[in-house]
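**Q** My questions concern the predicted model and sequence given below.
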Amino acid sequence: MFSRRLVLAFAAFALLAVALGALNGWVSRVAEQRVVRGRVAADLLSTYLDLSAEKARLRIWVLQSIADASTDPAVGPEIAKSMRADVDTLRDLAAKAERMDGPNAALLQEHTDRARTIELLESSVTSMLKRVQVVNARAAREGGPIPVTAVDEVFDRFGQYDVRGLLNQAIAAETEALQRDRASADESLAQARFVSNIAASSIVILAVVLSIYFSYALRRPLRELTAGAQAYETGDLAYRIPNLSKDEFGTLAQRMNQMANQLDLTSQRERELRSGLEVMVSERTVDLQAAVADLQRSEARRRQLLADIGHELRTPTTVIRGEAEVALRGREMTDALYRESLVRIATSAEQLGKQIEDLLTIALDDAEMLTLKNDVVEPELELQRAISQASTLASLRHVRIVPALQNSDAFVQGDARRIGQIMSVLLDNAIRYSHPSGTVEIATRAADGSWHLEVRDYGIGIPEEDVPRVFERGFRAGSARTHRADGSGLGLSIAKAFAERHGGELALESVVGKGTTVRLRLPTLELEAA
């Protein structure tokens with residue numbers, strides 16, 4: 001994994017830096033200790049030299065005091081005090097040097113010799129100061145010159161030891177130790193510089209190597225990912241990032257490819273939905289245009305229907321008023337003439353009533369037309385009632401009704417009055433468009449879960465091109481208008497609407513000059529036995 005390599009690289013970098021820093025710190029501490037040790041050695045040498053110089057000054061003061069009584073007596077004690085301080089300083093520096101050198105076997109003898117020398121010097125200084133006082137007292141008592149050999153004995157001899165030689169030996173030893181410590185300090189400083197250079201070089205080399213490695217390692221993945229991002233930004237969702245190494249960049253490329261797949265699928269679904277929506281809008285537009293056209297045609301038919309209805313309503317009312325006026329003005333009319341006039345008035349009134357009923361039916365709201373009673377109806381009984389009502393019109397037009405009823409126990413579910421109205425429309429049309437002395441045949445049967453009614457006449461018939469339009473509201477064929485001036489063209493459309501509301505259907509076949517056959521089918525209702 002790239003992140004693991006990156007972590008390992010930085011960890012190695014950090015470890016190298018820490019290791020080199022620790023090494024550099026250790027070398028620096030060693031160098032610092034050796035430099036400080038060199039300073040201690042220099043201080044020892046300097047103190048030995050100071051002690052030797054103080055000894056010489058004291059000797060000169062003693063000689064001057066012997067030769068000249070006016071010499072300042074306070075100088076000698078000050079020099080003696082300084083010599084004691086130098087001895088104390090030597091003791092402290094020797095202890096510090098021994099602590100700094102630690103358990104170094106090579107320097108153990110040196111520390112021992114130094115301690116012994118300082119101890120002898122301390123004893124010799126103490127003895128020297130006492131003897132100086134003795135010499136001074138002797139010179140004051142004798143009042144004459146003291147031999148120089150006596151002064152030399154005080155300053156140069158301590159028992160069996162030569163103080164001057166002891167000092168010179170100590171100075172030579174400390175000079176040699178100083179040179180050694182300075183060389184060691186220089187060596188430590190050189191090592192510190194070397195380690196620092198190695199550390200800096202190693203860090204720089206490692207940084208350069210890691211930079212080159214990660215530069216090459218990042219170049220291709222970043223180039224491929226950038227190309228993919230630019231392709232997706234421009235909408236090229238078909239672009240796929242090539243397979244990269246099995247690391248975070250490869251995982252990111254796979255995720256981006258999966259995202260592109262999802263976006264591509266979503267885009268395709270969106271295009272399909274948009275296309276489907278456009279098709280639906282187009283279809284709805286066509287339907288709306290068709291509905292508008294139907295509405296325009298319906299409006300035209302409505303206007304024509306109103307005009308026809310106005311004309312047809314005026315016709316029976318005119319007949320009724322005319323017959324009534326003739327009957328009222330007639331002075332010598334027989335009962336037979338009055339009866340004929342009343343019959344014509346009754347016929348016209350019946351015609352007017354039927355037309356008014358058709359108009360009221362059409363005027364009903366669609367929701368109201370759908371509101372039907374839900375009763376159990378015996379269609380054979382309703383048919384007999386319709387035949388009884390139509391027999392009067394048939395006798396007036398000299399048309400014979402020939403029923404061939406099956407007298408089945410079929411039942412349908414619906415509105416008995418609307419079902420009877422369907423049958424009345426069919427019988428009325430068959431009688432009115434039959435020739436005088438014609439025949440109307442009525443047949444019923446129950447089969448296939450339905451009740452079937454067939455009304456056949458042998459009248460004028462309907463032209464073939466007008467048959468598809470006979471169920472349109474207000475439509476009347478030219479032959480129908482010629483045969484019968486009255487009529488609204490509403491009966492069959494109302495009958496078909498009621499038949500469909502009851503789950504049935506109404507069909508018509510006709511041949512000009514040979515008659516018309518109308519078939520009604522209503523679904524039957526299965527009643528459970530009591």
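**A** The structure has been received and is ready for your questions.

**Q** what kind of secondary structure is the residue nearest to residue 508 when sequence neighbours are not counted in?
**A** Taking Cβ to Cβ, 6 or more residues apart in numbering as the measure, residue 508 lies nearest to residue 518, with 5.0 Å between them; neighbours along the chain are not counted. C-beta: built from backbone N, CA, C; applies to glycine. For residue 518, the secondary-structure state derived from DSSP: H, G, I helix; E, B strand; the rest coil is strand.

**Q** now swap in residue 265 and tell me
**A** The local conformation at residue 265, judged by three-state DSSP, is helix.

**Q** roughly how far apart are it and residue 251?
**A** When distance is defined by Cβ to Cβ, to the nearest Å, residue 265 is 21 Å away from residue 251.

**Q** again, but for residue 524
**A** According to Cβ to Cβ, residue 524 and residue 251 sit 72 Å apart.

**Q** out of those two, which sits in the busier spot?
**A** Taking neighbours as other Cβ atoms under 10 Å, residue 524 and residue 251 compare with residue 524 leading, 20 against 13.

**Q** ok, what's across the strand from that one?
**A** With DSSP bridges as the criterion, the beta-bridge partners of residue 524 are residue 412.

**Q** Quick check, it in contact with residue 411.
**A** Yes. Assessed by Cβ atoms under 8 Å, residue 524 is found in contact with residue 411 at 6.4 Å.

**Q** What ranges does the stretch 151-300 of the chain have for its strands?
**A** Residue ranges of the strands in the stretch 151-300 of the chain, as given by DSSP state E, counting those that start in this stretch, are 157-158, 161-162.

**Q** meant to ask about the stretch 401-530 of the chain, not that
**A** Counting by DSSP E, counting those that start in this stretch, the stretch 401-530 of the chain forms strands over residues 412-414, 439-447, 450-457, 505-511, 515-523, given from the N-terminal end onward.

**Q** Rounded mean pLDDT for the second one, please.
**A** Mean pLDDT, taken over the full extent of strand 439-447, equals 92.

**Q** and what of the shortest one?
**A** Confidence for strand 412-414, expressed as mean pLDDT, is 92.

**Q** quick one on the thing from earlier: do I have it right that the residue nearest to residue 508 meets residue 507?
**A** Yes. Judged on Cβ under 8 Å, residue 518 makes contact with residue 507 at a distance of 7.3 Å.

**Q** For residue 373, give me its contacts.
**A** For residue 373, the contact set (Cβ atoms under 8 Å, 6 or more residues apart in numbering) comprises 414, 415, 416, 417.

**Q** weakest of the strands of the stretch 151-300 of the chain in terms of mean pLDDT?
**A** In terms of mean pLDDT, the lowest-scoring of the strands of the stretch 151-300 of the chain is strand 157-158 (a mean of 65).

**Q** Tally up the residues packed near residue 412, please.
**A** Residue 412 has 21 neighbours, counted by other Cβ under 10 Å.

**Q** ok, so what distance separates it from residue 113?
**A** Residue 412 is 144 Å from residue 113, where distance means Cβ to Cβ.

**Q** same thing with residue 273?
**A** Computed as Cβ to Cβ, the residue 273 to residue 113 distance reads 106 Å.

**Q** And those two? Which one has more around it.
**A** Each of residue 273 and residue 113 had its neighbours counted (other Cβ under 10 Å), and the higher figure belongs to residue 113 (13 against 10).

**Q** ok, the more buried one to residue 41 distance?
**A** Note on residue 113: its distance to residue 41, by Cβ to Cβ, is 14 Å.

**Q** same question, residue 22
**A** Taking Cβ to Cβ as the measure, residue 22 and residue 41 are separated by 29 Å.

**Q** got it, and residue 225?
**A** Separation of residue 225 from residue 41 (Cβ to Cβ) stands at 67 Å.

**Q** okay, and for the stretch 351-500 of the chain, where does confidence drop off?
**A** The model of the stretch 351-500 of the chain has pLDDT under 70 over residues 351, 354-355, 357-371, 473-489.

**Q** tell me the domain ranges of the protein?
**A** 2-208, 367-523 (automatic domain parsing).

**Q** what about those domains, which gets the closest to residue 260?
**A** When those are compared by Cβ to Cβ, domain 2-208 sits nearest residue 260, at 22.1 Å.
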